[in-house]
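Trainee: turn this into a structure:
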Amino acid sequence: MKKIGDIYKEYKIMPFLMMHQMRVASVAMQICESLDMQIDEESIVRACLLHDMGNVIKFNLGHFPEENEPEGTEYWKKVQDEYILKYGEDEHVASLAISKELGASSYIYDLIHSVDASYVEIISKEEDFGKKICFYADNRVTPHGVASLLERNIEAKERYKDHPHSFTEEERLYFMKNMTEIEKQIFSHSKIKPEDINDESIKNYLEKLQDFSI
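Mentor: Numbering: from 1, shown residues only. Next up is the predicted model:
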């Protein structure tokens, strides 16, 4: 097994993408510890730590140029090209391929596979709370920190407005309807409320994850 920090270095994960995955995993940990039901917390956390490993493929490196430092935009463009050459142009497929390379279990693979906006209705209807938590945790984190579902939705709308696969307004409303249902389902089994999850509340979990191995 390898420490998550060493895995991120090996795969040349951008610092802000490392932090995004760590925040998502921290949100998931806080939720898991609050539940009144049995849950495979370790698999959920591992899936969250790996769910966006291939995302450099889709990044517009000019969107947040400050995030390209200190290596610089040219360096990350080369990394992006290396990823596309090795894994293709679908970042989600790349993340799944990397999870296989790392020897992730079939359940962790399924959890990562489920963190995709197109599955929102399926996840809202099925019984697997691991998938609900992974999907929900990802939708509570923006590039800059933990946010509410609504705040994250507004931020994503702006960030992806020129993306070829961005939501129509009707699709966005439908997505939020299902996300709100998933939130209700999760917190009906939790001793905390959605607003109890924030940048301050996940600090201890971020510290715990520094030594997490996969």
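
Trainee: could you pull out the strands for the protein?
Mentor: Under the criterion DSSP state E, the chain contains strands at 141-142, 145-146.

Trainee: for residue 21, which of those is the nearest?
Mentor: strand 141-142 (8.9 Å; C-beta to C-beta). C-beta: built from backbone N, CA, C; applies to glycine.

Trainee: who are the packing partners of the closest one?
Mentor: helix 15-34, helix 149-159 (3 or more C-beta pairs under 8 Å, 6 or more residues apart in numbering; DSSP states H and E).

Trainee: any idea which helix or strand in the protein has the lowest mean pLDDT?
Mentor: When the helices and strands of the chain are scored by mean pLDDT, DSSP states H and E, helix 149-159 comes last with a mean of 84.

Trainee: now do the same contact list for the residue lying closest to residue 114 once chain neighbours are set aside.
Mentor: Of all residues not flanking residue 114 in the chain, residue 131 sits nearest, at 4.3 Å (C-beta to C-beta, 6 or more residues apart in numbering). Contact analysis of residue 131 by C-beta atoms under 8 Å, 6 or more residues apart in numbering lists 110, 111, 114, 123.

Trainee: again, 10 Å this time
Mentor: Taking C-beta atoms under 10 Å, 6 or more residues apart in numbering, we find residue 131 in contact with 44, 47, 107, 110-111, 113-115, 119, 122-124, 182.

Trainee: how about residue 136?
Mentor: For residue 136, counting by C-beta under 10 Å, 6+ apart, the contacting residues are 24, 27-28, 31, 115, 123, 129, 149, 179, 182-183, 185-187, 194, 197.

Trainee: let's see it at 7 Å
Mentor: 182, 183, 186 (C-beta atoms under 7 Å, 6 or more residues apart in numbering).

Trainee: mind pulling up the pLDDT for it?
Mentor: Residue 136 is assigned 98 on the pLDDT scale.

Trainee: how about low-confidence regions in this protein?
Mentor: 160-165 (pLDDT under 70).

Trainee: distance of the residue of it positioned farthest from its centre from residue 96?
Mentor: The C-alpha centroid of the chain is most remote from residue 74, which lies 25.3 Å away (C-alpha atoms, centre = their mean). Noted for residue 74: a distance of 28 Å to residue 96, by C-beta to C-beta, to the nearest Å.

Trainee: you'd agree residue 130 is up against residue 44?
Mentor: Yes. Counting by C-beta atoms under 7 Å, residue 130 touches residue 44, with 5.1 Å between them.

Trainee: between those two, which is the more surrounded one?
Mentor: residue 44 (25 against 20; other C-beta atoms under 10 Å).
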